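# Kindly generate the corresponding structure for this input.
(4 chains)
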There are 4 protein chains.
Amino acid sequence: MTETIREIDLNADLGEGFGIYACGEDEALLRVVSSANIACGFHAGDPHLMRRTVESCLENGVAIGAHPGLPDRMGFGRREMRVAPREAADWILYQVGALQAFASAAGGAVRHVKLHGALYHMASADPELAAAAALAVRSAGRELLLYGPPDSKLSEAAEEAGLAYVPEGFADRAYTAGGTLAPRSVPGSVLEDEASMLEQALMLAEGNEFAGLDGKPARIAVRTICIHGDTPRAAAKGSRLAEGLRREGWTIRAPRGSR
Amino acid sequence: MTETIREIDLNADLGEGFGIYACGEDEALLRVVSSANIACGFHAGDPHLMRRTVESCLENGVAIGAHPGLPDRMGFGRREMRVAPREAADWILYQVGALQAFASAAGGAVRHVKLHGALYHMASADPELAAAAALAVRSAGRELLLYGPPDSKLSEAAEEAGLAYVPEGFADRAYTAGGTLAPRSVPGSVLEDEASMLEQALMLAEGNEFAGLDGKPARIAVRTICIHGDTPRAAAKGSRLAEGLRREGWTIRAPRGSR
Amino acid sequence: MTETIREIDLNADLGEGFGIYACGEDEALLRVVSSANIACGFHAGDPHLMRRTVESCLENGVAIGAHPGLPDRMGFGRREMRVAPREAADWILYQVGALQAFASAAGGAVRHVKLHGALYHMASADPELAAAAALAVRSAGRELLLYGPPDSKLSEAAEEAGLAYVPEGFADRAYTAGGTLAPRSVPGSVLEDEASMLEQALMLAEGNEFAGLDGKPARIAVRTICIHGDTPRAAAKGSRLAEGLRREGWTIRAPRGSR
Amino acid sequence: MTETIREIDLNADLGEGFGIYACGEDEALLRVVSSANIACGFHAGDPHLMRRTVESCLENGVAIGAHPGLPDRMGFGRREMRVAPREAADWILYQVGALQAFASAAGGAVRHVKLHGALYHMASADPELAAAAALAVRSAGRELLLYGPPDSKLSEAAEEAGLAYVPEGFADRAYTAGGTLAPRSVPGSVLEDEASMLEQALMLAEGNEFAGLDGKPARIAVRTICIHGDTPRAAAKGSRLAEGLRREGWTIRAPRGSR
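Residues are numbered from 1 along each chain as shown, chains lettered A, B, ... in the order given. As a prediction, this is how the structure comes out:
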């Protein structure tokens, strides 16, 4: 979104280990991103890791977000499950509430919610699930920001619920003209070189028209850009993306909430 | 505790089903007790049931409490596990936070915390675990009441943490002179007839001296009495106990918190 | 199937409790059915219950079957999950193997496999999942019988895999002319009175043409009839169904396997 | 044990990842060890990983063993739990049976069982638990070998049960004179340099007297030596240990079972 203040948020999924299992480059990413989506114990994460990740966010000045997922640890929340909207809402509220306790205990607060994996995709496409998810987030806190894909059922549901919505884009994934992500199976759908990633990040941040993977013009305006933590050298890549954005006059900063 | 206002709390563990599994006589017990300890998804309970139980508490004017347990659903949280105090604290905070979200979403608030099963017993006897548990509860809310056995490591830890403590007694279990529960294996340790239960409840509520199972005098002052939900006809028995207490001039009421 | 020996199997899902949670009327059903589908710890059941249920089957002369489900205990395996066929096969093999150990330890053997809930329905409709499931069962034992819906992707996959298939019908659910179950939402889809149930059971056992719910003729030949354990008074109804079948000259007996 | 054939087994815990989480250097270790202890889904591991690990064992000529643990994935099976012997036995049988299905499906067989973590330690010290564990293993297969600490309750229980027992030692951990492992907290309890590890491995393999950490003589005869997979550069260290043993005339080979 073109604002006179040129601010963009970089977010990453953090705290996605479990028990003895580590996952991702959390410490390095915390020095790159401005907001963190913290796994809440369903698809990944555990209470101990949640506490430590919340504390790291506060030490690094990174905005704390909840990253609720489906209750499928073996599938890392990536498998779609046929779930009633009411139940999905309860799963979301449970996980957000648990993280809020850790944030509050550490002297901070949860600022946003970003759904994880299959739940993110399902709620972006299914209006009933989207509505239930938005209401669950609102019931956890009217001041919470909801991160998600632009122009989706989820953005509509957030608006309907009176919830501030933060449209999210990806610097490392090509879009089609329609503004949706090209599937990973399509050649060219994953951007590898850092120049292309920066170029796309700028396009997304500025909300300018750009050429989709199918050659047709696309326009997507986002307020946050996701750094995929599971890419090799994710933190290093993210760090150079942040530098590039700063060179172009952008400030990396978490979205200001309503409080 | 002898107060000029003769009030006593009756509490029961509720919401201890899971998925399709029901457990206990929740609806009937809600019409008897003044405070409910709601399972939070570790030893029992699930998000859907937590929401419904919270809503039922509000409809029935029953105080909402969190009932965190060990992460051992197969063992119903009754098996001791060797856990570091720091981890146990994180488990407690996670569960209390999750329930707080449901309470808040429904327009209520969590008023107290009562540990479940093996966690209750371990924290009552181990000073380090007790201290960690008390701090976890306090970090979830300074106004929260902690329910537990009188004169235990847990009551000491609550005092140390500046947390209001509500000593709990059992109307259906005999005490020894020392004021501890007689093990279930001891003959006479489980009180079956309702007159004996009422008599003991009055003793506990009044904090008077009474004869322990070993014949020696005991004195235990409690502010809440637990109704075991897993006893046959628990709600009916509890109902008659409540009537008996009222006949003797007691008001059944949840402890007043600091807010 | 019209055989000169008029034998029909009655099967029920058993051992679907978990930890302290009971489920169904296992003991009563064991005196009615000729084969049991035992939950294997994913959607329901636990090792302790599996051992006890296997022992009860042997005491009652009931054929032991594995009843593998999706790893979704909170949803009782009834929610569809998008799972790769290879992974579903591994889930099935794991569960069947675990039950085989209990059966063998008790001096018996697993005779058949019946998929549970959403896995049953998904594998009946999806040819790749059906093929993976059939191969998983075969790799657990070439002599195993696979129970499932007649004329489905699963029956085709079993034939392809060289696995003996036992088509299953329901006495308490109406069929459409096409031979598929009428959805529960359709009026008349659930047969309540025992005369209708017996009539339909005889039709299914004999493989005769009968009128579907939509009025058109249907013909379904089954070798086993499922007694729904979660119906009120399931065992009593099942017992009278068994009596009715015997009066009509049918022997209640588990299918003979290849060994 | 001094045999005319100088054979020693090297074992390692494998397949201890879960879902997306990797753990250890499985592929490299498979080229070093002669027997593998495969996690069975309780403390670690999942059906998919079990199948792949079994297949890798067969490709590398490594003996397949089951490595059952406590149902505590968050604690990696390292936390003691108070469990009834009968229940522990059921947990063991369940896990061994599941692995047997994968081994059999891949054309192999489970040759041994080694308990994991807290279950290993508890069963080594508690005679009732040891007896239950040994009977569970025997009921999974009379030909199975049981790995465990020498001269323990577990070795006694195996003898009582008529089960072949394989005493296990550690090349990287100091022993006290009594023949028990020195706790990790004791200085010098972890052997870091490879010469010391080889020296101790030879002592254990030969069953010769050696100086315990407390200076007093110890004598421990083992038939298998554990390579800790969670040590940094575990496979490289293990490889050099194997070379050293071979140089001294030892053949690295899995214990011969009774079949």
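# Helices of chain A, residue ranges please.
A:26-30, A:47-60, A:85-105, A:117-125, A:127-140, A:153-161, A:194-206, A:234-247 (DSSP state H).
# Deepest in the core, which of those helices is it.
Comparing the helices of chain A by mean neighbour count (mean count of other C-beta atoms under 10 Å in any protein chain shown), helix A:85-105 ranks first with a mean of 25. Any C-beta I mention is one placed from the backbone N, CA and C, and that applies to glycine too.
# What average pLDDT does that helix get?
Mean pLDDT, helix A:85-105: 98.
# Chain D contacts on chain A?
Within reach of chain D by C-beta under 8 Å from any C-beta of the partner chain, chain A has these residues: A:17-21, A:23, A:46, A:73-76.
# now those residues in JSON lines, with pLDDT?
As requested, those are exported to JSON lines (pLDDT from 0 to 100):
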{"residue": "A:Gly17", "pLDDT": "97"}
{"residue": "A:Phe18", "pLDDT": "98"}
{"residue": "A:Gly19", "pLDDT": "97"}
{"residue": "A:Ile20", "pLDDT": "96"}
{"residue": "A:Tyr21", "pLDDT": "96"}
{"residue": "A:Cys23", "pLDDT": "90"}
{"residue": "A:Asp46", "pLDDT": "98"}
{"residue": "A:Arg73", "pLDDT": "98"}
{"residue": "A:Met74", "pLDDT": "98"}
{"residue": "A:Gly75", "pLDDT": "97"}
{"residue": "A:Phe76", "pLDDT": "97"}
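# and A:Pro232, how many neighbours?
Neighbourhood size, A:Pro232 [other C-beta atoms under 10 Å in any protein chain shown]: 7.
# The helices of chain A: which one's closest to C:Glu248?
Taking C-beta to C-beta, helix A:85-105 is the member of those nearest to C:Glu248, at 44.2 Å.
# Dump that closest one to PDB, restricted to CA.
Only the C-alpha atoms of helix A:85-105 are listed here, as PDB (Å, rounded to 0.1, in the frame of the first residue of the first chain):
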ATOM      1  CA  PRO A  85     -16.000 -24.000  11.100                       C
ATOM      2  CA  ARG A  86     -17.000 -24.000  14.800                       C
ATOM      3  CA  GLU A  87     -14.300 -26.500  15.700                       C
ATOM      4  CA  ALA A  88     -11.600 -24.700  13.700                       C
ATOM      5  CA  ALA A  89     -12.600 -21.500  15.500                       C
ATOM      6  CA  ASP A  90     -12.200 -23.300  18.900                       C
ATOM      7  CA  TRP A  91      -8.800 -24.600  17.800                       C
ATOM      8  CA  ILE A  92      -7.700 -21.100  16.900                       C
ATOM      9  CA  LEU A  93      -8.900 -19.500  20.100                       C
ATOM     10  CA  TYR A  94      -7.200 -22.200  22.200                       C
ATOM     11  CA  GLN A  95      -3.900 -21.700  20.600                       C
ATOM     12  CA  VAL A  96      -4.000 -17.900  20.500                       C
ATOM     13  CA  GLY A  97      -5.000 -17.900  24.200                       C
ATOM     14  CA  ALA A  98      -2.100 -20.100  25.200                       C
ATOM     15  CA  LEU A  99       0.400 -17.800  23.400                       C
ATOM     16  CA  GLN A 100      -1.200 -14.700  24.900                       C
ATOM     17  CA  ALA A 101      -0.400 -16.100  28.400                       C
ATOM     18  CA  PHE A 102       3.300 -16.500  27.500                       C
ATOM     19  CA  ALA A 103       3.400 -13.000  25.900                       C
ATOM     20  CA  SER A 104       1.700 -11.400  28.900                       C
ATOM     21  CA  ALA A 105       3.900 -13.300  31.400                       C
END
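# any idea of the pLDDT on A:Ser35?
Taking A:Ser35 on its own, its pLDDT is 98.
# Hmm, it is touching A:His112, no?
Yes - if you go by C-beta atoms under 8 Å, A:Ser35 and A:His112 touch, sitting 6.4 Å apart.
# Between these two, which contacts overlap?
Shared contacts of A:Ser35 and A:His112 (C-beta atoms under 8 Å, 6 or more residues apart in numbering or on different chains): A:63, A:65, A:254-255.
# Can you tell me which of the residues you listed is closest to D:Ala98?
Set against D:Ala98, the nearest of the shared contacts of A:Ser35 and A:His112 by C-beta to C-beta is A:Gly65 (38.1 Å).
# list the contacts for the residue in the stretch 151-259 of chain A that chain D sits nearest to?
Nearest to chain D, among the residues of the stretch 151-259 of chain A, is A:Asp230, at 8.4 Å (C-beta to the nearest C-beta). Shown in contact with A:Asp230 (C-beta under 8 Å, 6+ apart): A:23-24.
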